[in-house]
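In: fold the following.
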Amino acid sequence: MSEEELPGVLILDVGGTHGVLEDLAALLKKHFHLITMKEFLGNKEEMSKKIQSMFVFECRPTIDRELLESLPNLKVIGNSGVGVDHLDLKMISSFGVKVTNTPHAVADPTADIGMALMLASARRLVEGKV
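Out: Prediction:
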């Protein structure tokens, strides 16, 4: 499939302070035509028709009524992370849009860090003493 045939996914940006990590963007590009907020805002009329999904990374982009009204073909919002507390699920569902998240994506790294912190504390590694 060419990039134009792929469904459009709205993201804040690639890289930078708040953008999607470049490795993750490469994975998304295999299945979606990436559209950044800058591209969307620069040409709302054309881009709004292409966007069928939105990928929220670190609570960005912010999803409000105005944004949802400007995306008539939006079907799903994918949240990168466990919780969806930052999303107004009732408002989003009123537009017929589904919301999904990745509840198990960080389970192993969180457990690894927890164990490392407990071992460091027990052995006083932070203080540099054994």
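
In: which ones are touching residue 21?
Out: Contacts for residue 21 were tallied using Cβ atoms under 8 Å, 6 or more residues apart in numbering; they are 15, 57. For every residue, glycine as well, the C-beta is placed using N, CA and C.

In: please report how far it lies from residue 69.
Out: Note on residue 21: its distance to residue 69, by Cβ to Cβ, to the nearest Å, is 29 Å.

In: and what of residue 13?
Out: Going from residue 13 to residue 69 by Cβ to Cβ gives 22 Å.

In: tell me how far the helix ranked longest in the chain lies from the chain's centre.
Out: Secondary structure of the chain read by DSSP state H shows that its longest helix is helix 107-122. Helix 107-122 has its average C-alpha position 26 Å from the chain's average C-alpha position, going by Cα atoms, centre = their mean, to the nearest Å.

In: repeat for stretch 73-85
Out: Between the centre of stretch 73-85 and the centre of its host chain there is 7 Å, according to Cα atoms, centre = their mean.

In: so for residue 1, what's the pLDDT?
Out: For residue 1, the model assigns a pLDDT of 60.

In: which residues of the protein fall in helices?
Out: Taking DSSP H as the test, the helices found in the chain are 22-29, 37-42, 44-50, 65-69, 89-94, 107-122.

In: elements contacting the shortest one?
Out: Read that as helix 65-69. Using 3 or more Cβ pairs under 8 Å, 6 or more residues apart in numbering; DSSP states H and E as the contact test, the elements touching helix 65-69 are helix 89-94.

In: just the first one next, same as before
Out: With contacts defined as 3+ Cβ pairs under 8 Å, 6+ apart, helix 22-29 has these neighbours: strand 8-11.

In: CA atoms only for the strand it packs on, dumped as PDB, please.
Out: What follows is strand 8-11, C-alpha atoms only, in PDB (Å, rounded to 0.1, in the frame of the first residue of the first chain):
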ATOM      1  CA  GLY A   8      -4.300   8.700   8.600                       C
ATOM      2  CA  VAL A   9      -3.200   8.900  12.200                       C
ATOM      3  CA  LEU A  10      -2.900  12.200  14.000                       C
ATOM      4  CA  ILE A  11       0.000  12.600  16.300                       C
END
